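A.B. asks: how would this look folded up:
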Amino acid sequence: MRLAWVFLALAIATEVIGLTVMKAASSSGGAWGYAVMYASIALSYVFLAKAVKTISVGVAYAIWEGSGIALITLVSVFVFNHVLSNQEMIGLLMAVGGIVLVNAGEVHDEEDMEVADDRV
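C.D. replies: Numbers count the residues shown, from 1 in each chain. Below you'll find the predicted structure:
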């Protein structure tokens, strides 16, 4: 189970790398930048596929996408000097809150499955 969460973390990290390189590649137009972008995003899906072998697809996808959005927003602020509007800040906080709730629900579901297994 822990390995699935490692794969999910790797999926998130490689997605953020791919999207960060996308911004840089689109500015400079370098072919290597696009190659790194495509490879990173493809690798992100490979890691996500490995994660969903154990973690439910809906939960893994929600965490992957929500975390990716939150992290790439932070990268855009700190690396590309984007200034967040109030609306963007509220959206980011809602995304983080949603990730926390989805993750809390997944833990609860696992406990329910253990209790159901004990009854059988």
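A.B. asks: only C-alpha atoms from now on, for both contacts and neighbour counts.
C.D. replies: Noted.
A.B. asks: which parts of this protein are helices?
C.D. replies: Using DSSP state H, the helices found in the chain span residues 2-28, 31-51, 57-78, 86-119.
A.B. asks: could you list every helix and strand that the shortest one packs against?
C.D. replies: Contacts defined by 3 or more Cα pairs under 8 Å, 6 or more residues apart in numbering; DSSP states H and E place helix 31-51 against helix 2-28, helix 57-78.
A.B. asks: can you give me the buried ones in it?
C.D. replies: 33-34, 36-38, 40-45, 47-51 (16 or more other Cα atoms under 10 Å).
A.B. asks: take the helices of the chain and write them to CSV, including mean pLDDT.
C.D. replies: Formatted as CSV, the helices of the chain follow (pLDDT from 0 to 100):
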stretch, mean pLDDT
helix 2-28, 91
helix 31-51, 94
helix 57-78, 90
helix 86-119, 73
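A.B. asks: so which residue is smack in the middle of the protein?
C.D. replies: Centroid check for the chain by Cα atoms, centre = their mean gives Trp64 as the closest residue, at 2.6 Å.
A.B. asks: list the contacts for that one?
C.D. replies: Residues in contact with Trp64 (Cα atoms under 8 Å, 6 or more residues apart in numbering) are Leu8, Ala9, Ala11, Ile12, Leu48.
A.B. asks: recalculate using a threshold of 10 Å.
C.D. replies: Neighbouring residues of Trp64 by Cα atoms under 10 Å, 6 or more residues apart in numbering: Leu8, Ala9, Leu10, Ala11, Ile12, Ala13, Glu15, Ser44, Tyr45, Leu48, Gly58, Ile99.
A.B. asks: state the distance from the spatially closest residue to Val6 that is not a sequence neighbour to Leu10.
C.D. replies: Distances taken as Cα to Cα, 6 or more residues apart in numbering place Ala51 nearest to Val6, at 7.9 Å, with adjacent residues excluded. With distances taken as Cα to Cα, to the nearest Å, Ala51 is found 9 Å from Leu10.
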